[in-house]
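**Student:** Below is the sequence, then the predicted model.
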Amino acid sequence: MNHQKLVSAEILAMKPERTGTSTMAQNDQKQAEPSDRQTDLQLVRKVRGGDRAAFDLLVVKYQSRVASIISRYVYDSQEVMDLTQEAFIKAYRAIDRFRGDSAFYTWLYRIAVNTAKNHLESRNRRPQGSADSAEAENFDDGRRLRDIASPERLLQREQLQKELSNAIANLPEELRSAFLLREYDGLSYEDIAGILECPIGTVRSRIFRARDAVDKHLGPMLNHSVT
Amino acid sequence: MDDRLRETLSAMMDDEADELSVRRLLSHENQADVRAQWQRWQGVHDLMHRGRSPAEGVDVSAAVREALDGRARPQNPAAARHREPQRFWQWPAAAAMVAAALLVGFGAGTGWDSDAVSSGTLASAPATEASANESPANAGPVQEVALQGLDEKQWEHMSRYLLEHAQHNSVGAGQGSVGYARLVSASGGY
C-alpha cells in the first residue's frame, strides 16, 4: 500500500513537467513507447485474411508518422497527404510480403521512404535528406516534423495540453497510477500489477477507465473527421 | 460498442490484447465506432508523447479506405476463405467416390464378396484419405484390382457408370457425388 502511494506521489510529482511540455515528452518517446509488435501482427494477420477493418486501424495508428516521414522529402502539404495515402495503399497490396522479421512500422517506414523517393524521381527531383530504414525504429517524427503550425494552432495545442494535464490530475489515484505507469513509463500490465499489487485484469480495467475519462474530459477537442 | 470491447481496444493500444478479443472486436458490426474510438485514443497518445494536437494531425484513413474499396485486392481473401473448404473437399470426395464405385461396381464381377469390399476398401476410402497424403500402399492395389482383367461387358458397365457419375456430379455440383455413390452402394446397383 505504501509502495502504491509512493509510486503515485512520484508520478504526480513528475506529471506537470511531462504533460506540460512537448519537449520532455519527445525526449522520453523512445523509452515511453514500448513495442507494438503484438497488436500490429494480430492486425496484419487479420488483414491477410481479408479483414479491411484491421487495416483501417493500422492506418489510423500510423498515418501521422508516415506523413512525417514523407514530409522530410516533400514539402507541399497536399503532396504529403497524397503520398501518405499512396504508401498505405502500397502497404495493403504488399501485406502478404511482410514476413514479420521486423516491426510492422519499420516495414511501413521503408515503403513510405520509397514512395517519397520514387515520387521525387518521377519529377526529376533528387531526393533530399536521408532516411535509412535502420532509422525507422528511432525515427522521432515529433522532433523532425517541420513545425508549420499557425499561431491559432499553437494556441489550440497549448490549451489541449493544459486540458490533458487537468484530465490526468482529476483522475482517481488508482486510475492515474496505472495509466501513467503505462503511458509514460511504458510498463507492461504485468509489471504494473506487480507494482500496484493488484491483478492484471484490474490494471487493464483501470487503464481503460482512465483513458475513457481523459477522452471524455477532452471531448470535442479530440474530434477527427472519422467516417 | 460496449465497455468490454472498448476495454479490448484500450488493451490493443497497450499491446496487451489477446488474439480472440481482437477477433471479437474486429467482427463488431459497427466498425465506424471502433475506428472513431481508436482514433481518439491515438490522438491522446500522440498528444502525450509527441505534443501534437489531433487537429494538427493527418487523416488519410477515409481516403485510403475509399481507394481500397474502389479497387479491391486481386484475390478477394474473404471470398476465397469461404470457397476454399468447398474446393478442398470436392475433389478428394469425387476421387474417393470413383475409387469406391469402381470397387463396388466391379467387385462382384471379379469375385469379391460384399464383406471384403466394405471392410477392406470402403472403410479405408473416406474423402479425407483420398487426398494427396493418402498412403500409396492403399491406393495402388485398389487401382490395379479395379482395372485389371475387365472383359468387354465390364468395360461397358464401367463406362455407363462413369457417365452417370459425371452427369450426377454436373447436376449436383460436387455435393451430389457423395450422395450418388452412397445411393449406388445402398441400393445394390452396379
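**Tutor:** Looks like it arrived, so ask away. Numbering: from 1, shown residues only, chains lettered A, B, ... in the order given.

**Student:** List the single closest residue to the spatially most central residue of chain A in space, sequence neighbours excluded.
**Tutor:** By CA atoms, centre = their mean, chain A has its centre lying nearest to A:K61, at 6.6 Å. Leaving aside its sequence neighbours, A:K61 sits nearest to B:Q42 (CB to CB, 6 or more residues apart in numbering or on different chains; 5.8 Å). Heads up, the C-betas are built off the backbone N, CA and C, glycines and all.

**Student:** where's that neighbour, which helix or strand?
**Tutor:** Per DSSP states H and E: B:Q42 is located in helix B:31-50.

**Student:** Now the element after that helix, going C-ward?
**Tutor:** Following helix B:31-50 toward the C-terminus (DSSP H and E): helix B:61-70.

**Student:** Going by neighbour count, list what's buried in that following helix.
**Tutor:** By 16 or more other CB atoms under 10 Å in any protein chain shown, the buried positions in helix B:61-70 come out as B:61-65, B:68.

**Student:** Keep only these that also lie close to chain A.
**Tutor:** B:61-65, B:68 (CB under 8 Å from any CB of the partner chain).

**Student:** Reformat these as TSV; add pLDDT.
**Tutor:** Formatted as TSV, these follow (pLDDT from 0 to 100):
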residue	pLDDT
B:S61	92
B:A62	92
B:A63	93
B:V64	94
B:R65	92
B:L68	90
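
**Student:** A:L181 touches A:I192, doesn't it?
**Tutor:** Yes. Counting by CB atoms under 8 Å, A:I192 is a contact partner of A:L181 at 4.8 Å.

**Student:** joint contacts of those two?
**Tutor:** Contact criterion CB atoms under 8 Å, 6 or more residues apart in numbering or on different chains; residues shared by A:L181 and A:I192: none found.

**Student:** any chance of the ones next to chain A among the buried residues of helix B:61-70 in JSON lines, plus distance to A:D51?
**Tutor:** Putting those into JSON lines (distance: CB to CB, whole Å) gives the following:
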{"residue": "B:S61", "distance to A:D51": "15"}
{"residue": "B:A62", "distance to A:D51": "18"}
{"residue": "B:A63", "distance to A:D51": "19"}
{"residue": "B:V64", "distance to A:D51": "15"}
{"residue": "B:R65", "distance to A:D51": "13"}
{"residue": "B:L68", "distance to A:D51": "12"}
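
**Student:** Pick the one among those closest to A:F88.
**Tutor:** Nearest to A:F88, judged by CB to CB, of those is B:V64 at 4.6 Å.

**Student:** so that closest one makes contact with A:F88?
**Tutor:** Yes. At 4.6 Å, B:V64 counts as touching A:F88 under the criterion of CB under 8 Å.

**Student:** what's the overlap in contacts for these two?
**Tutor:** Counting by CB under 8 Å, 6+ apart, the residues touching both B:V64 and A:F88 are A:V59.

**Student:** buried sites along stretch A:86-106?
**Tutor:** A:86-92, A:95, A:98, A:102-105.

**Student:** In helices, which of these fall?
**Tutor:** A:86-92, A:104-105 (DSSP state H).

**Student:** quick one: which of those residues is nearest to chain B?
**Tutor:** A:F88 (4.6 Å; CB to the nearest CB).

**Student:** just wondering, since we're on that closest one, how far is it from B:L26?
**Tutor:** 18 Å (CB to CB, to the nearest Å).

**Student:** repeat for A:F179
**Tutor:** Counting by CB to CB - A:F179 and B:L26 are separated by 25 Å.
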